[in-house]
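**Student:** how would this look folded up:
(one chain, ligands or ions: 1)
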Amino acid sequence: MTSPLASDETPAVRCVGLRRRFGDTVAVDGLDLEVRRGEVFGLLGPNGAGKTTTIRMITTLLPAPVGAIQVLGRDVARHRTAVRRLIGYVPQQLSADGTLTGRENVTLFARLYDLPRATRTAQVNAVLEEMNLSEVADRPAKTYSGGMVRRLELAQALVSSPQLLILDEPTVGLDPVARDGVWDRIDAIRAATGMTVLVTTHAMQEADEHCERVALMHRGRIRAEGSPGELKGAIGPGATLDDVFRHHTGNALTGENENGGMRDVAAARRTARRVG
Ligand SMILES: Nc1ncnc2c1ncn2[C@@H]1O[C@H](COP(=O)(O)OP(=O)(O)OP(=O)(O)O)[C@@H](O)[C@H]1O
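**Tutor:** Residues are numbered from 1 along each chain as shown. The predicted structure follows:
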């Protein structure tokens, strides 16, 4: 049977019974998840919760041995190439080349996505402009600040006009001003295009401010799902998303903290401050 074509009702992402282990480590443990079209959805959880593994399975970069994933109605296992064409992905690891200029980096992605030569330059210019990078586009990326690098990586992911933008910890290691700059661009793109955005983060406050719905993930499972307002409201007046997380995981935030699970992951993105 062919996959149903995407209609407005078709979720942007649908995961059913997803499992993935690495040796003895169960990274994803029976995950059900639905991301609606056009929303900014946050997959939240401490380090090691299984967020990146989930994202890598959705993006087709990692096989999903157990369970099923659909992206805009297409089965990821059977329609890998079609799914890849629908997705723009900014991984946690650095995806820009510091020796190339911003424009050259984005052009490289435009060529990888096989954008028609006739419109390629205009499209590269447009995404650089959308990410507020036009003025620095001809400087090597290694001279960029961390926030500029992140916006460059967003431009790379957006150059193919994806229907689903997936961002793995997009603001980790950035200062508050740079973080706001990145979110400002994500929000603007979403408002302009209606694109679905799936973002992983361990920053509960950012998710609270920018995500319409969130799922709280802990030890490979979704522990709670809903709008930040619904989830907080269910706990009580004045509750934060941190409180919600603690409520559903038995104080896991504190426990993970003590074990370094919620450690500051700035180190992971240290390279993003200066590339190259
Ligand atoms: N390639 C791998 N080989 C072995 N274990 C892995 C591998 N990838 C992930 N894991 C383990 O699977 C679990 C989930 O990791 P994952 O990276 O998905 O979590 P995460 O929530 O994205 O955390 P982080 O923000 O630190 O990336 C962790 O225990 C991790 O050590």
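**Student:** tell me the SS of the residue nearest to the spatial centre of the chain?
**Tutor:** Nearest residue to the geometric centre of the chain (CA atoms, centre = their mean): residue 167, 1.9 Å. Under DSSP: H, G, I helix; E, B strand; the rest coil, residue 167 falls in the strand class.
**Student:** begin at 24 from now on, thanks
**Tutor:** Happy to do that; since the first residue is 24 now, the last one works out to residue 190.
**Student:** what does the stretch 174-299 of the chain put close to the ligand?
**Tutor:** Residues of the stretch 174-299 of the chain lying close to the ligand (CB under 6 Å from any ligand atom) are residue 192. In this view, the C-beta of every residue, glycine as well, is placed from N, C-alpha and C.
**Student:** so where do the strands sit in the stretch 174-299 of the chain?
**Tutor:** Under the criterion DSSP state E, counting those that start in this stretch, the stretch 174-299 of the chain carries strands at the ranges 187-191, 219-224, 236-241, 244-249.
**Student:** relative to residue 41, which of these is closest?
**Tutor:** Closest approach to residue 41 among the strands of the stretch 174-299 of the chain (CB to CB): strand 244-249, 10.1 Å.
**Student:** and that closest one, which strands flank it?
**Tutor:** strand 236-241 (antiparallel) (DSSP bridges).
**Student:** now do the strand it pairs with, average pLDDT.
**Tutor:** Averaging pLDDT along strand 236-241 yields 95.
**Student:** residue 117: neighbouring residues, count only.
**Tutor:** The number of residues packed near residue 117 is 17, by other CB atoms under 10 Å.
**Student:** per-residue confidence at it?
**Tutor:** On pLDDT, residue 117 comes in at 88.
**Student:** equivalent analysis for residue 129, please.
**Tutor:** Reading off the model, residue 129 has pLDDT 97.
**Student:** returning to that earlier point: can you lay out the strands of the stretch 174-299 of the chain as JSON lines showing distance to residue 199?
**Tutor:** Below are the strands of the stretch 174-299 of the chain laid out as JSON lines (distance: least, CB to CB, whole Å):
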{"stretch": "strand 187-191", "distance to residue 199": "18"}
{"stretch": "strand 219-224", "distance to residue 199": "14"}
{"stretch": "strand 236-241", "distance to residue 199": "20"}
{"stretch": "strand 244-249", "distance to residue 199": "27"}
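**Student:** closest to residue 171 out of these?
**Tutor:** strand 187-191 (16.0 Å).
**Student:** dump that closest one to PDB, keeping only the CA atoms.
**Tutor:** Below are the C-alpha coordinates for strand 187-191, written out as PDB (Å, rounded to 0.1, in the frame of the first residue of the first chain):
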ATOM      1  CA  LEU A 187       9.700  20.300   8.300                       C
ATOM      2  CA  LEU A 188      12.600  22.000  10.000                       C
ATOM      3  CA  ILE A 189      14.300  19.900  12.700                       C
ATOM      4  CA  LEU A 190      16.700  21.500  15.100                       C
ATOM      5  CA  ASP A 191      18.800  19.600  17.600                       C
END
